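1. The following comprises the amino acid sequence and a computationally predicted model.
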Protein chains: 2
Amino acid sequence: MVAARYDVLGIGNAIVDIIARADDDFLLAQGMRKGAMTLIDEARAAAIYAAMGPATECSGGSAANTVVGVASFGARAAFIGKVKDDPLGRTFMHDIRAAGVAFTTSPAADGPSTARSYILVTPDGERTMNTYLGAAQDLTAADIDDAQIAAAEIVYLEGYLWDPPQAKEAFVKAARIAHRTGRRVALTLSDAFCVDRYRDEFIDLVRKRMVDIVVANEAELKSLYETADFDTAVRALQRQAKLGVVTRSEKGCVVVSPEALEAVAAFPVDRVVDVTGAGDLFAAGFLVGLARGKDYRTAARLGALAAAEVIQHIGARPAVSLQALAAENGLAV
Amino acid sequence: MVAARYDVLGIGNAIVDIIARADDDFLLAQGMRKGAMTLIDEARAAAIYAAMGPATECSGGSAANTVVGVASFGARAAFIGKVKDDPLGRTFMHDIRAAGVAFTTSPAADGPSTARSYILVTPDGERTMNTYLGAAQDLTAADIDDAQIAAAEIVYLEGYLWDPPQAKEAFVKAARIAHRTGRRVALTLSDAFCVDRYRDEFIDLVRKRMVDIVVANEAELKSLYETADFDTAVRALQRQAKLGVVTRSEKGCVVVSPEALEAVAAFPVDRVVDVTGAGDLFAAGFLVGLARGKDYRTAARLGALAAAEVIQHIGARPAVSLQALAAENGLAV
């Protein structure tokens, strides 16, 4: 096994976020499921945009946010995902490269436009996402570069990749290459409703050890194991997974390994402005820790730190250097 | 004189801001004049974008930010400015209308793309702007709707309008209609270097009373009267203008009328994140106050409140309802 060129390589939907503040009545009037990610078509996208308030555009995408977080920690990151060669696609490409992430997936020359997520942030800081997948649907196994996968310590995949029809093959191809070259594969369950759509397949991935590390929040884990009881869900994960980490917002997280369950506290936060990216940035810190050979507790602390940073401002990517923030908090990367 | 339909109608360059954090070394390496607005061509825009970090896109434009602030105070606002019918132009149109501002200027079907300003925010919160005027250059007198101008209590014009070649005629046309219908005309000097480009014309506008209300910051006023001494500049303004207000960052502002100089304090701020829009939002509060018949001191307090809000986050438009914020601070609009 050669030395890795990347600490983390993420594969996911390449999305630009269009973020506006809204009150709960707006969500209700629009029939939106608060806190969830809902897939929409282009007509619904236009209707939501027409109805929503003044917006800010920032590059997003779950795994993309994570690898940007990885780079912000001073670690080496790469991303694979599909945009169209249109203004939003060029924005996405600029932003991820400017963040220091290697990104070489060729943009689609035609077909649907770059994916966008219309995100409504309510006064409690919760985000409700409406995603038009567009060009992200055209990610295929052909976009997976064997050598790049083999060069990454951890390959990180988002459960959202089960939504575009062909991305699953890309996912499986990447996982196979990773394992053949002695690397680890991590999966985030992404969203409780996404888990609902692909429960059996996700469980299969975990049980068959196609996935080495499972990242989930409490709602996603409960959805996976169809239980309302957190402890039941955690024990099920412990039986099936090589390693898991379950985030619980302000209650911190639990690292789940066959040997032990370890609870790690959240970092204190002055005011929650926008939880968009909380899970993505937790994953960034946790994976950087694992890739760099830290113990689980330190990895979870790095994740908690990154999540605390991103929920204190609008947008799903860090506003400061996570490397500097970690150093200030006595956490070496 | 019929009752006004709008408290404030703004005329300005319709711009989308592309905002990134940068350190002072970046400004130096790029040869940028810190704190200023510099006009750039399309090639320079591409070069700056390629070199700058991950960015956030928000609608901007000085007078546009001001009228959005006016609407946020619960007052009635309108805007005239030129975008192209392209993705950024549609973003601008969505955002200003979604903010509650009447905006009916027809977008250009062809020609240069919608104006953008590449804004670098340094760790001290200062912003350095590089503006590609694009479609904003195509604003002409034909875009000025007589009835709309006549329906506005105050017509607010930005000094930046002197940069696009034909906008000056639009400015003069609007001012004439306003005065013919008994309305007031306000002008912001916009930028010290902008003043340097058009000093004689700006002084002429003030002396000939084409402008009733002058809004400036300290640097712009000193540039206008070519003096390093603030008191000298203020006395010159007092001699020439019907009414002026000069902002001085954390030192508050001075309202300059022929009868008196009145200093008004700034609102305290926890942390300055991004000063983009500080002057624009001060103008929003001040003009709302004047349009609603408040005394100068109350108008200046409304301006100071709006400026304090906008400098505590990224972006040049308010993140909260200024009407609610004013009420919380005991200021009725």
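-> Noted; the coordinates are in hand.
2. hey, where'd the helices end up in the stretch 151-300 of chain A?
-> For the stretch 151-300 of chain A, the helices defined by DSSP state H, counting those that start in this stretch cover A:167-180, A:192-207, A:218-224, A:230-240, A:278-291, A:296-310.
3. Strands of the stretch 51-200 of chain A, residue ranges please.
-> Residue ranges of the strands in the stretch 51-200 of chain A, as given by DSSP state E, counting those that start in this stretch, are A:56-59, A:77-80, A:102-103, A:115-121, A:127-132, A:152-158, A:184-188.
4. and of these, who's closest to B:Val70?
-> strand A:56-59 (20.1 Å; CB to CB). For glycine as for every other residue, the C-beta is placed from the backbone atoms N, C-alpha and C.
5. sorry, back to before: will you turn the strands of the stretch 51-200 of chain A into CSV that also has distance to B:Ala20, mean pLDDT and mean neighbour count?
-> Listed next are the strands of the stretch 51-200 of chain A as CSV, based on distance: least, CB to CB, whole Å; pLDDT from 0 to 100; neighbours: other CB atoms under 10 Å in any protein chain shown:
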stretch, distance to B:Ala20, mean pLDDT, mean neighbour count
strand A:56-59, 11, 97, 26
strand A:77-80, 19, 98, 28
strand A:102-103, 17, 98, 20
strand A:115-121, 20, 98, 25
strand A:127-132, 23, 98, 24
strand A:152-158, 26, 97, 27
strand A:184-188, 27, 98, 25
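6. could you redo those strands as JSON lines and give each row distance to chain B?
-> Shown next, in JSON lines, are those (distance: least, CB to the nearest CB, whole Å):
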{"stretch": "strand A:56-59", "distance to chain B": "4"}
{"stretch": "strand A:77-80", "distance to chain B": "13"}
{"stretch": "strand A:102-103", "distance to chain B": "12"}
{"stretch": "strand A:115-121", "distance to chain B": "10"}
{"stretch": "strand A:127-132", "distance to chain B": "14"}
{"stretch": "strand A:152-158", "distance to chain B": "19"}
{"stretch": "strand A:184-188", "distance to chain B": "21"}
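7. In CSV, list those along with distance to B:Arg207.
-> Formatted as CSV, the strands of the stretch 51-200 of chain A follow (distance: least, CB to CB, whole Å):
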stretch, distance to B:Arg207
strand A:56-59, 41
strand A:77-80, 59
strand A:102-103, 56
strand A:115-121, 48
strand A:127-132, 53
strand A:152-158, 64
strand A:184-188, 65
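8. Of those, give the one that comes closest to A:Arg292.
-> So among the strands of the stretch 51-200 of chain A, strand A:152-158 is nearest, using CB to CB, at 8.5 Å.
9. what's the closest one packed up against?
-> Judged by 3 or more CB pairs under 8 Å, 6 or more residues apart in numbering or on different chains; DSSP states H and E, the packing partners of strand A:152-158 are strand A:6-11, helix A:62-72, helix A:167-180, strand A:184-188, helix A:278-291.
10. Check these for me and report the most buried one.
-> helix A:62-72 (a mean of 31; mean count of other CB atoms under 10 Å in any protein chain shown).
11. got the CA positions of it in CSV?
-> C-alpha atoms of helix A:62-72 as CSV (Å, rounded to 0.1, in the frame of the first residue of the first chain):
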residue,chain,number,x,y,z
SER,A,62,-23.2,17.2,1.8
ALA,A,63,-20.0,15.4,1.0
ALA,A,64,-18.6,18.5,-0.7
ASN,A,65,-19.1,20.5,2.5
THR,A,66,-17.3,17.7,4.4
VAL,A,67,-14.2,17.7,2.2
VAL,A,68,-14.1,21.5,2.3
GLY,A,69,-14.1,21.1,6.1
VAL,A,70,-11.3,18.5,5.8
ALA,A,71,-9.2,21.0,3.8
SER,A,72,-9.9,23.7,6.3
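12. ok, it near chain B or not?
-> Yes: if you take CB under 8 Å from any CB of the partner chain as the test, helix A:62-72 does meet chain B, through A:Val68.
13. So for that helix, mean pLDDT?
-> Here helix A:62-72 scores 98 as its mean pLDDT.
14. Which neighbouring elements make contact with it?
-> So helix A:62-72, by 3+ CB pairs under 8 Å, 6+ apart, packs with strand A:6-11, strand A:77-80, helix A:87-98, strand A:152-158, strand A:184-188, helix A:278-291, helix A:296-310, helix A:322-328.
15. so which of those gets nearest B:Phe202?
-> Closest among the helices and strands packed on helix A:62-72, once you apply CB to CB, is helix A:87-98, at 35.9 Å.
16. Only C-alpha atoms, please: export that closest one in PDB.
-> The C-alpha coordinates for helix A:87-98 follow below in PDB (Å, rounded to 0.1, in the frame of the first residue of the first chain):
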ATOM      1  CA  PRO A  87     -22.900  29.700 -14.100                       C
ATOM      2  CA  LEU A  88     -23.800  27.800 -10.900                       C
ATOM      3  CA  GLY A  89     -21.600  24.900 -12.000                       C
ATOM      4  CA  ARG A  90     -18.700  27.300 -12.400                       C
ATOM      5  CA  THR A  91     -19.500  28.800  -9.000                       C
ATOM      6  CA  PHE A  92     -19.300  25.300  -7.400                       C
ATOM      7  CA  MET A  93     -16.000  24.500  -9.200                       C
ATOM      8  CA  HIS A  94     -14.500  27.800  -8.100                       C
ATOM      9  CA  ASP A  95     -15.500  27.500  -4.500                       C
ATOM     10  CA  ILE A  96     -14.400  23.900  -3.900                       C
ATOM     11  CA  ARG A  97     -11.000  24.400  -5.600                       C
ATOM     12  CA  ALA A  98     -10.500  27.800  -3.900                       C
END
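17. Run through who's touching that helix.
-> A:14-16, A:57-59, A:61, A:64, A:67-68, A:79, A:83, A:103, A:107, A:113-114, A:116, A:135, A:317, B:20, B:49-50, B:52-55, B:57, B:86-88 (CB atoms under 8 Å, 6 or more residues apart in numbering or on different chains).
18. what's the angle from that helix to strand A:115-121?
-> 80 degrees (axes from the mean of the first three to the mean of the last three CA atoms, to 10 degrees).
19. thinking again about what came up before, what's the closest of the strands of the stretch 51-200 of chain A to B:Thr128?
-> strand A:56-59 (20.0 Å).
20. Which strands or helices does the closest one pack on?
-> strand A:15-21, helix A:87-98, strand B:56-60.
21. Just give the closest residue to A:Asp41, not the sequence neighbours.
-> Excluding the flanking residues, the one nearest A:Asp41 by CB to CB, 6 or more residues apart in numbering or on different chains is A:Tyr132, at 6.9 Å.
22. show me the contacts for the one you found.
-> Listed by CB under 8 Å, 6+ apart, the contact set of A:Tyr132 reads A:Leu39, A:Ile40, A:Asp41, A:Glu42, A:Arg44, A:Ala45, A:Ala115, A:Arg116, A:Ser117, A:Tyr118.
23. For burial, what's the neighbour tally of the third one?
-> Read it as A:Asp41. Residues near A:Asp41, counting by other CB atoms under 10 Å in any protein chain shown, number 11.
24. Got phi/psi on it?
-> phi -100, psi 180 (degrees, to the nearest 10).
25. distance of it from A:Gln137?
-> A:Asp41 sits 12 Å away from A:Gln137 when distances are taken as CB to CB, to the nearest Å.
26. and chain A, which of its residues are near chain B?
-> Going by CB under 8 Å from any CB, the residues of chain A near chain B are A:20-21, A:49-50, A:52-59, A:68, A:86-88, A:91, A:94-96, A:98-99, A:313-315, A:317, A:319.
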